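*Asks:* quick one, structure for this:
(chains A, B and C, ligands or ions: 2)
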Amino acid sequence: MRRAWLILILLTVLAFGLAAKVQTALARGDESGNVFEVFFGEGRRMFANHFAVKADVYLHSGMYPSIFDQAAQAEEREKKEAAEHVHGPDCDHAPAHEVDTSDHGVTDSNHDEHAHEDGHVHVDEHVHGPGCNHGEETGSTSVGGHECDTGFMGKPRDWFEAMGRNFKVTQHTHLTAGKEREILPWLEMAADLDPQREETYTVTAYWLSREMNKPKEAEQFLRRGLRANPKSYEILFELGRVYQHHLSDPIRARNVWHAALRRWDEAEKGKEEPDRVGRNKILGQLAQSYADSGLYDEAVRYFEEAKLYSPAPDALELKIQDLRTKALGTAPAAVPAQH
Amino acid sequence: MDAILRMDKLRVEYPVKQRGATPKVALHGLDLTVNAGEVFGFLGPNGAGKTTTMNVLLGFVQPTSGAAYLFGVDVRQPIARQRIGFLPELTYYYKFLTAEEILRFYAKVFGIPSAEADKRIDDLIKLVELEHARKRPLKSYSKGMQQRVGLAQALINNPDLLILDEPTSGLDPLGRMKVREIIQRLKDEGKTVFFSSHELGEVETVCDRVAIVNQGELKEQGRVSDLMKEHQCDLEKIFLKIVGYQGQL
Amino acid sequence: MNIIFALAGVVVKEMYRRKDFYVLFVMTALLTLLAGSATFFNDPKITGYLKEICLLLIWVATLVIALTSAARQIPAERESRTIFPLLAKPVTRWHVIVGKFLGCWVVAALAVAMFYVFFGAVVAAREHALPVAHYLQAAILHWMALAVVIALAILGSIVFSAPSVNVTISFIVVGGVLTLGEHLNKLASRMEGLSQTLTSIVYFLLPHIEWAFAYRDLLLFNQPLAPWSAVLTAAVYWAAYAAALLIGAWLAFRRKTLTLG
Ligand SMILES: Nc1ncnc2c1ncn2[C@@H]1O[C@H](COP(=O)(O)OP(=O)(O)O)[C@@H](O)[C@H]1O
Ligand SMILES: [Mg+2]
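*Replies:* Ligands and ions are numbered 1, 2, ... in the order given. Below is the predicted model of the structure:
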C-alpha cells in the first residue's frame, strides 16, 4: 500500500507539473529555462491565478462559468460575430486583455466581457452571458433546473445535465451585505503565491476600501504590493485613490499619483502602443483632486494632458472651460468629491 | 460402511500459459473412497497432486472429467461443504482480530446461534490450548499458535469430515504432537479425517488407511498394517519404492 | 444474509482497529483548524474559504478511506490465504464481493457522518448557523457517491493484480469524473466524428457522482436545499450503478482461478 501512496503523490505532482509546463509553452512559445524554476514559478502563478478566479467565483456566489462553459460561450459568440461582424464597446480593451490572458491562464479570458473602464475586472454588477435575466427569478425546482437565470448555462443538453443542476448554484446572485469579505482570503493567498500579480492588490484594495470600509487595510496591502512591484503605476494609482477618497488625504494622494505618472513614463513612454487608458485614469483622478482642492490651475494642466489620452477629449474640454471660469471667479472652496 | 468422500475417475488438467502446449495433467483419473469414522492419510511426494485433490474437494478447481462427492453431494455445490472443516497449509488469519473473534466470525458464517457458538468457541479454545491468548489479536501469535487457530476454525461447525492439507508442515515437534493428539481425539469422537502429508512418521501412528499417490496416479492403498505385511517392510520403504529411489522425499 | 453481515463485520472491525482512519480524521481536523486560525485583513467574520478547504479535505479523506479500504479487501484475503478457509465453508464468491462492499460502505457511512458533524461544528462556531437539512443532503449524496467509488475499487481489485495499480487507476477515474464528468457533453458538442461519438458514450456511461461533489457549492454559498426528489433520484441512480459494478466484479471473480498450492 505504501507504493500506492507514493504513486498517487507522484501522479498528482506530475499532473500539476504537466499543467504548468503546458501553460508555459502556451504563454511564451517554450523558452526552455531551468526546469525547476519553470516548474515552481509557473505552478505558483497558476495557483495564484486560480485563487484570484476563486475570489471572483465567490463574488458571484458560485454561479460561475467553467472553462468549458466559456469555450462553449466563446464559440457561440464567434458564430454571432461572424454573422453580424459587429464589435462591441469592449473592443478597445481587447488587446490588453489578450496579453493578460496568456499571462494569467485561460480562466481569466471571461473577464474581457465585463472589463471596466477603471480596470476592476471583478467589480461589475452585470451578468456573464446573454439571456440571464435578473428580473425573473422563478426559483422553480424541476429536474430542468431554473428556467431562467441560468445565464451562461443555457438550456440543459441532456438528462444528466438537467439532474446535475439540482445540485449546483443556478441563481445568479452577487454577494450581499458584508459577504464580500469572503473573497479576501483568496485574494490574499493569490498575493502570497504570486506577489508580482499586480491586479491582485488593486482589486483587493478596491473591495477593502470601497465596500468594506477598511481603507487602512487597503493601504497596507497596496504598500505590500508596491514593495513587490516598485514599478507598478497601477498600484500607485489605486493607492492614490484610497488616500483621496477613503482616507481624506488629498495631498498624499496627489504625491502618489505624481509618482504613478513617473512610473508610467518609465514603463510605457517608449512603447509603440503605450497604456493610454492607464495614464488617462491617473491624470483624470489627479486633475479632479486638484480641482476639488480648489487648485484650478493645476487641475486644468492635468486635464489638458488627459485630453491627449482620453477617448472623449470633448467632455474634458468642457470641464476645463468650467474650471477656468471658476479660477477667475472665486477663491479656493471645498467642493465635495464627485466620483 | 458409508462413503463420506468419494472420487470417481477424477482427472484435473491445469491450463498452461503458452499456446499450443499440452495442458499439465495433475491428476490422472483418481478413484478413492473414504469411509465414515476413518482417519485417512493421503500420501505422496511434492508435486504428486495432493493439493490439487484438495482444490477439487473444496470447489476451487473444476475437475476436467470425473467427479468427487462429499456426503454423496457433488463438490461443485457449495452445500456439500456444510458439514466439513478445512485447514489449509500456511494460512495467516485476520491479524487484527482475536482468536475468539475469528471463531465467532466463522460461526456466524455457518449461521450458528450465538449461545451455541459461545459454548463451542470455549470448547475449541480449550481443545487447541489457547485460553491464555484468546483475547489477544492474532498478530501477537506465534506460527504454531496461528496454526492452532486454523484448526479451531476448521472445527467450528462441528464437522463430520475434516480435511487437512499438510497440517503439520512448518510446526515444531511439540506442535506436531498436538495436532496428532487432536486428530486422535476427533477419531475417538467418531469423526472422519482426510489429510495429506509427506511425512510418514505421523501417518503410521494415527491412520487407519493410507493412499500413496505419485505424479497424479494412485499407486497403493489399504490399511497400514496390511501394506506392511504385503511388502514385508515399513511404510517409509514402501513409499520410497513407489516413488523410485531417486524421488525426493 | 448472515454470511454477508459477518463478512462486513470483519471489514468494519479492521477499519476501526487500523490507524489510518484516525490519522485521516485528525489530519483533516488539524488542517481545518489551522486554516481557521489564519486571519485576513483583521476580519474575523470570514468563513467561506474555511468551509471550502474543510469540504475539500473531507472529500479527499473520504475518497482515500473508501478507495484504499475497498481496494485492499480481496487482495488481502488472497495474500493471507484466508480466502481458502472462507470459500471452503458454504460461502460463495458473490457473498465475498457483497460482504466486502457492505463493510466498506458502512465504514464510509461512519466516516461521512463523523466528517459532516465536524464540519457542522466548525461552521456553527463561525457562522452561528446550523442548516441540518443541508448537511443531511450533502452527507447522503456523499455517501451514495462513495458506494460507486467502493464498488469501482472492488471491481478493480479483481481485475488488476496489484492493489497499487488499482488504487491509482481508480483514483484517476474518480478524480476525472468529479472534475470533468459534467463537462464531457460540452466537449463532445465541440468535437467531430469518432471522437465526438466516443466522448458522448463516455459521458453517458460514466457514473455522474460529480453531483455530490458539486453540492459543496450549495453549502458554501448558503443556497436553498436541493429538491429531495432529485436527491432520491441520484441515490437510486448511483445505487444501480454500484450494483452493476458489483455484478461485474462478481463475474470477473467467478472466472478467477483460486488454487491452493
Ligand atoms: N495452479 C496450477 N497451475 C498449473 N499447474 C499446477 C497448479 N497447481 C499445481 N500444479 C501442478 O500440478 C502438480 C500437482 O501439484 P500439487 O497438487 O500442488 O502437488 P502436491 O500438493 O502433492 O505437492 C504439480 O506438478 C504442480 O506443478
Ligand atoms: Mg501441496
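*Asks:* center of chain B, which residue is that?
*Replies:* Residue closest to the mean C-alpha point of chain B, counted by C-alpha atoms, centre = their mean, is B:Leu164 at 1.8 Å.
*Asks:* that residue belongs to a strand?
*Replies:* Yes: B:Leu164: assigned to a strand according to DSSP: H, G, I helix; E, B strand; the rest coil.
*Asks:* from B:Val179, how far off is it?
*Replies:* B:Leu164 sits at a distance of 8 Å from B:Val179 (criterion: C-beta to C-beta, to the nearest Å). C-beta here means a position set from N, CA and C on the backbone, and glycine is covered the same way.
*Asks:* hmm, the residue nearest to the centre of chain B is touching B:Ala154, no?
*Replies:* Yes: counting by C-beta atoms under 8 Å, B:Leu164 does reach B:Ala154; the two are 7.4 Å apart.
*Asks:* intersection of neighbour lists for those two?
*Replies:* B:Phe86, B:Leu87 (C-beta atoms under 8 Å, 6 or more residues apart in numbering or on different chains).
*Asks:* how about stretch A:232-241 as PDB, C-alpha atoms only?
*Replies:* This file holds the C-alpha atoms of stretch A:232-241, laid out as PDB (Å, rounded to 0.1, in the frame of the first residue of the first chain):
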ATOM      1  CA  SER A 232       3.800  49.500 -10.800                       C
ATOM      2  CA  TYR A 233       1.800  52.600 -11.700                       C
ATOM      3  CA  GLU A 234      -1.400  50.600 -11.400                       C
ATOM      4  CA  ILE A 235      -0.800  50.000  -7.700                       C
ATOM      5  CA  LEU A 236       0.200  53.600  -7.100                       C
ATOM      6  CA  PHE A 237      -2.900  54.800  -8.900                       C
ATOM      7  CA  GLU A 238      -5.100  52.700  -6.600                       C
ATOM      8  CA  LEU A 239      -3.200  53.800  -3.500                       C
ATOM      9  CA  GLY A 240      -3.800  57.400  -4.500                       C
ATOM     10  CA  ARG A 241      -7.500  56.600  -4.800                       C
END
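*Asks:* and chain C, is it touching that?
*Replies:* No: where contact is defined by C-beta under 8 Å from any C-beta of the partner chain, no part of stretch A:232-241 touches chain C; the two come within 15.4 Å at best.
*Asks:* can you list contacts of that stretch?
*Replies:* A:119, A:198-199, A:201-202, A:205-206, A:209, A:219, A:222-223, A:225-226, A:229, A:252-254, A:256-257, A:259-261, A:263-264, A:267, A:278, A:281-282, A:285-286, A:289.
*Asks:* what of stretch C:211-227?
*Replies:* With C-beta under 8 Å, 6+ apart as the criterion, stretch C:211-227 contacts A:58, A:61-62, A:139, A:141, A:163-164, A:166-169, A:171, C:48, C:51-52, C:55-56, C:59, C:129, C:131, C:133-135, C:137-138, C:141-142, C:144-145, C:178, C:182, C:234.
*Asks:* filter these down to just the ones in helices.
*Replies:* A:58, A:163-164, C:48, C:51-52, C:55-56, C:59, C:133-135, C:137-138, C:141-142, C:144-145, C:178, C:234 (DSSP state H).
*Asks:* among those, which are in reach of chain B?
*Replies:* Applying C-beta under 8 Å from any C-beta to the ones in helices among the contacts of stretch C:211-227, none is adjacent to chain B.
*Asks:* buried among those residues? Make that a ChimeraX selection.
*Replies:* Buried residues among those (16 or more other C-beta atoms under 10 Å in any protein chain shown), as a ChimeraX selection:
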select /A:58,163,164 /C:48,51,52,55,59,134,135,137,138,141,142,144,145,178,234
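*Asks:* keep only those of the ones in helices among the contacts of stretch C:211-227 that are also close to ligand 1.
*Replies:* Checked against ligand 1 using C-beta under 6 Å from any ligand atom, these give no members in range.
*Asks:* all helices of the chain, in order?
*Replies:* Going with chain A. Going by DSSP H, chain A shows helices at A:2-28, A:35-59, A:67-84, A:94-104, A:159-164, A:184-193, A:198-206, A:215-228, A:233-241, A:250-268, A:276-292, A:296-309, A:313-329.
*Asks:* try chain C instead
*Replies:* C:2-17, C:20-37, C:48-79, C:83-87, C:93-127, C:132-159, C:163-180, C:184-189, C:193-205, C:210-214, C:216-220, C:228-255.
*Asks:* which positions in the first one come out as buried?
*Replies:* Of the residues in helix C:2-17, those buried by neighbour count under the rule 16+ other C-beta under 10 Å are C:Ile3, C:Ile4, C:Ala6, C:Leu7, C:Ala8, C:Gly9, C:Val10, C:Val11, C:Val12, C:Lys13, C:Glu14, C:Met15.
*Asks:* just give the closest residue to the second one, not the sequence neighbours.
*Replies:* Ranked by C-beta to C-beta, 6 or more residues apart in numbering or on different chains and with sequence neighbours excluded, the top spatial neighbour of C:Ile4 is C:Gly99, at 4.4 Å.
*Asks:* where in the chain is pLDDT low?
*Replies:* Going with chain A. By pLDDT under 70, the weakly predicted segments of chain A are A:1-41, A:83-152, A:172-178, A:330-339.
*Asks:* should've been chain C
*Replies:* C:261.
*Asks:* what residue in it is the furthest from its centre?
*Replies:* C:Asn42 (37.6 Å).
*Asks:* right, and it touches A:Ala218 too?
*Replies:* No: C:Asn42 lies out of contact with A:Ala218 (C-beta under 8 Å); the separation is 11.7 Å.
*Asks:* number of nearby residues for B:Gln62?
*Replies:* 11 (other C-beta atoms under 10 Å in any protein chain shown).
*Asks:* count the residues that sit near the closest residue to chain B within the stretch 51-200 of chain A.
*Replies:* The minimum distance from the stretch 51-200 of chain A to chain B, using C-beta to the nearest C-beta, falls at A:Phe167 (37.6 Å). The number of residues packed near A:Phe167 is 28, by other C-beta under 10 Å.
*Asks:* please identify the helix or strand for the residue lying closest to the residue nearest to the centre of chain B once chain neighbours are set aside.
*Replies:* Sequence neighbours aside, B:Phe195 is the residue nearest to B:Leu164 in space, at 3.8 Å (criterion: C-beta to C-beta, 6+ apart). Counting by DSSP states H and E, the element that carries B:Phe195 is strand B:192-197.
*Asks:* and that strand, what does it pack against?
*Replies:* strand B:3-14, strand B:24-35, strand B:39-43, helix B:50-57, strand B:161-165, helix B:173-188 (3 or more C-beta pairs under 8 Å, 6 or more residues apart in numbering or on different chains; DSSP states H and E).
*Asks:* parallel or antiparallel, list what pairs with it.
*Replies:* Strand B:192-197 has its sheet partners listed here by DSSP bridges as strand B:39-43 (parallel), strand B:161-165 (parallel).
*Asks:* what about that strand, near ligand 1?
*Replies:* No: judged by C-beta under 6 Å from any ligand atom, strand B:192-197 makes no contact with ligand 1; its nearest approach is 6.7 Å.
*Asks:* so what touches the next helix or strand after that strand?
*Replies:* Proceeding N to C from strand B:192-197, the next assigned helix or strand is helix B:200-206, under DSSP H and E. Applying C-beta under 8 Å, 6+ apart, the external contacts of helix B:200-206 come out as B:39, B:41, B:43, B:168, B:176, B:179-180, B:183-184, B:187, B:197, B:210, B:224, B:234-236, B:239.
*Asks:* check the offset of helix B:200-206 from the chain's centre.
*Replies:* Its chain's C-alpha centre and that of helix B:200-206 lie 14 Å apart, by C-alpha atoms, centre = their mean, to the nearest Å.
*Asks:* before we move on, what about stretch B:43-57?
*Replies:* 10 Å.
*Asks:* buried ones in that stretch?
*Replies:* Applying 16+ other C-beta under 10 Å to stretch B:43-57 flags B:43-45, B:48-57 as buried.
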